[in-house]
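Novice: task: produce atomic coordinates for the following.
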Amino acid sequence: MSDFLGNLTSFWKTKGVATATHKATKVEIETWERRYNIVLPDDLRQYVTRVNGVQGGENLEFDHEGISFLPLSAMCLEVEWTETGGRPGMFVFADYLVRCNWWCAALDSSPHEHTRIFFGGGLKGNSLLANSLAEFFDLYRNHHMRLHGQ
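Specialist: Alright, predicted model coming up:
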């Protein structure tokens, strides 16, 4: 697996975006997994222990494009996020302009190497966007319009 997180943090530095000051600990991850009865895929586990969203993401602070990358502590089921419904097993991990659109990680109780990411909200909600976080963050850095379902 390439160092997609190193590429992400380097990209953010060029844009003046800081990562979360608190990285998820093993105990926090285990507690979160038990709460939802899921297992974080390897790439998402690496993400929350090395990056864990943008600084202030739990308060919907955002990057240079208006995207809030949430820390593990703020990630929740899509149905909790939207308050109007959501898809089973979908957890919001990033948001665009305070719930205009969001991105969900498909999580379940089986171990996986990669996290599948789905676009949520808007006209093209529910569509598979990326088969891993590395693919998602490549879209984010290099193909921004596709990230928004266009």
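Novice: I figured residue 66 hits residue 96, correct?
Specialist: Yes: with contacts counted by CB atoms under 8 Å, residue 66 reaches residue 96, the gap being 5.9 Å. Where you see a C-beta, it was placed from the backbone N, CA and C, and this is true even at glycine.
Novice: who's more crowded, the two?
Specialist: In this comparison of residue 66 against residue 96, neighbours counted by other CB atoms under 10 Å, the higher total goes to residue 96 at 20 against 12.
Novice: for stretch 47-61, which positions count as buried?
Specialist: Residues of stretch 47-61 classed as buried under the neighbour-count rule (16 or more other CB atoms under 10 Å) are 47, 48, 49, 51, 52, 53, 54, 55, 57, 58.
Novice: again with stretch 91-108
Specialist: The neighbour-count check on stretch 91-108 (16+ other CB under 10 Å) flags 91-96, 101-107 as buried.
Novice: go on, stretch 4-14?
Specialist: Of the residues in stretch 4-14, those with enough neighbours to count as buried (16+ other CB under 10 Å) are 4, 5, 8, 11, 12.
Novice: so which of the residues you listed are in helices?
Specialist: Under the assignment DSSP state H, the buried residues of stretch 4-14 contribute 4, 5, 8, 11, 12 to helices.
Novice: could you measure from the nearest residue to the third one once chain neighbours are set aside over to residue 48?
Specialist: When the adjacent residues along the chain are set aside, residue 8 lies closest to residue 137, with 5.0 Å between them (CB to CB, 6 or more residues apart in numbering). Distance check for residue 137 against residue 48: by CB to CB, to the nearest Å, it reads 14 Å.
Novice: so which residues of the protein form helices?
Specialist: Assignment of helices within the chain using DSSP H yields the ranges 4-15, 26-36, 42-50, 78-82, 133-142, 144-147.
Novice: touching stretch 79-93 from outside, list them.
Specialist: For stretch 79-93, the external contacting residues (CB atoms under 8 Å, 6 or more residues apart in numbering) are 36, 38, 44, 53, 69-70, 75-78, 95, 99, 102-108, 118, 120-121, 126.
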